[in-house]
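Chemist: Structure here, sequence nowhere to be found:
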């Protein structure tokens, strides 16, 4: 509990979002930042940002906004590959979702640079591409997205803006994000804007929010600016209604960098069966060791022996 408080959890449940400053240590931030620089190869954008809006328009989505998005595992150190599985981050997600078993269904490092795109977006809710149905009335039946900053983020550096659930419910439910009528869309944006809250915060801060929370990306206007962030999404391990990545589909990525350094609990967030699970036999252990020669399978072997001795 050292990195967050009961009030942080209470605010997340009440408002759907909470800003927690300085969640990660300076050493953790420095290690992840070094990996960002290695992976993306730059820390500087253009002198001026791009603004594609016309008078009276709200932000809009376009592909250029997402060209700095990638996903783990990446060819770098364990710092960036495992930051989404930080024990304190997992603990917050467990308590927020009231579950002991998590599944990490999205972990995306995202680098933004001034001048690469007009990053200004409309207010929207994420449930549309995280589930085929709708957000649950019970927060434990939804998921939690945690935006993690690894560079200092001001409003000039594209801080995410959001509207607390206690404010948005006065205007519209999350289903209003589905309305494609231009006039209704503009009206929704105008009504939400006065309740806008900024997530601007120093490097190492996090912003957990729900899939039913209105939020939007804002533009990068800082001269030569950059924003390094990681999007981490957790759900209860038993909740099949929510998904995003199918991790095995990306089997050609350097998964050994995660398996060689992660704990069994961290690996369980990818769907790897924990030590003691009947899946683990001499045959499956041998096959897994062949796939990841440097993976320390000792906990799995010891648990299998204890199960056999019972």
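Modeler: Thanks, I have it. Quick caveat, the model's predicted, so the values are computed rather than measured.
Chemist: what ranges do the strands span in the protein?
Modeler: 102-113, 143-149, 161-162, 197-198, 206-209, 215-216, 226-236 (DSSP state E).
Chemist: Next, the angle strand 143-149 makes with the first one.
Modeler: Strand 102-113 and strand 143-149 meet at an angle of 40 degrees, taking axes from the mean of the first three to the mean of the last three Cα atoms, to 10 degrees as the criterion.
Chemist: what is the mean pLDDT for strand 102-113?
Modeler: Average pLDDT, strand 102-113: 98.
Chemist: One more: the second one?
Modeler: For strand 143-149, the mean pLDDT works out to 98.
Chemist: And residue 8, how close does it get to residue 92?
Modeler: According to Cβ to Cβ, to the nearest Å, residue 8 and residue 92 sit 8 Å apart. The way it works is simple: take the backbone N, C-alpha and C, and place the C-beta from them, glycine included.
Chemist: more neighbours, those two?
Modeler: More neighbours surround residue 92 than the other of residue 8 and residue 92, with 25 against 20 (other Cβ atoms under 10 Å).
Chemist: Now for that one: which residues touch it?
Modeler: 3-4, 8-9, 146, 208 (Cβ atoms under 8 Å, 6 or more residues apart in numbering).
Chemist: Dump those into JSON lines; add distance to residue 303 as well.
Modeler: Listed next are those as JSON lines, based on distance: Cβ to Cβ, whole Å:
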{"residue": "3", "distance to residue 303": "29"}
{"residue": "4", "distance to residue 303": "31"}
{"residue": "8", "distance to residue 303": "34"}
{"residue": "9", "distance to residue 303": "32"}
{"residue": "146", "distance to residue 303": "30"}
{"residue": "208", "distance to residue 303": "32"}
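Chemist: Would you convert the strands of the chain into CSV that also reports distance to residue 184 and mean neighbour count?
Modeler: As requested, the strands of the chain are exported to CSV (distance: least, Cβ to Cβ, whole Å; neighbours: other Cβ atoms under 10 Å):
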stretch, distance to residue 184, mean neighbour count
strand 102-113, 29, 23
strand 143-149, 25, 25
strand 161-162, 21, 24
strand 197-198, 23, 16
strand 206-209, 24, 26
strand 215-216, 17, 23
strand 226-236, 28, 24
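Chemist: Any chance of the ones you listed in JSON lines with distance to residue 175 as columns?
Modeler: Shown next, in JSON lines, are those (distance: least, Cβ to Cβ, whole Å):
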{"stretch": "strand 102-113", "distance to residue 175": "22"}
{"stretch": "strand 143-149", "distance to residue 175": "17"}
{"stretch": "strand 161-162", "distance to residue 175": "18"}
{"stretch": "strand 197-198", "distance to residue 175": "22"}
{"stretch": "strand 206-209", "distance to residue 175": "17"}
{"stretch": "strand 215-216", "distance to residue 175": "16"}
{"stretch": "strand 226-236", "distance to residue 175": "20"}
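Chemist: Could you point out which of the ones you listed sits nearest residue 279?
Modeler: Nearest of the strands of the chain to residue 279, taken as Cβ to Cβ: strand 102-113 at 16.1 Å.
Chemist: Are there helices or strands packed against that closest one, and which ones?
Modeler: Helices and strands touching strand 102-113, by 3 or more Cβ pairs under 8 Å, 6 or more residues apart in numbering; DSSP states H and E, are helix 26-40, helix 87-97, strand 226-236.
Chemist: Just give me how far it sits from the chain centre.
Modeler: Mean C-alpha position of strand 102-113 versus that of the full chain (Cα atoms, centre = their mean, to the nearest Å) differs by 4 Å.
Chemist: swap in stretch 269-280?
Modeler: How far stretch 269-280 lies from its chain's middle: 24 Å, per Cα atoms, centre = their mean.
Chemist: Alright, that wraps it up for me.
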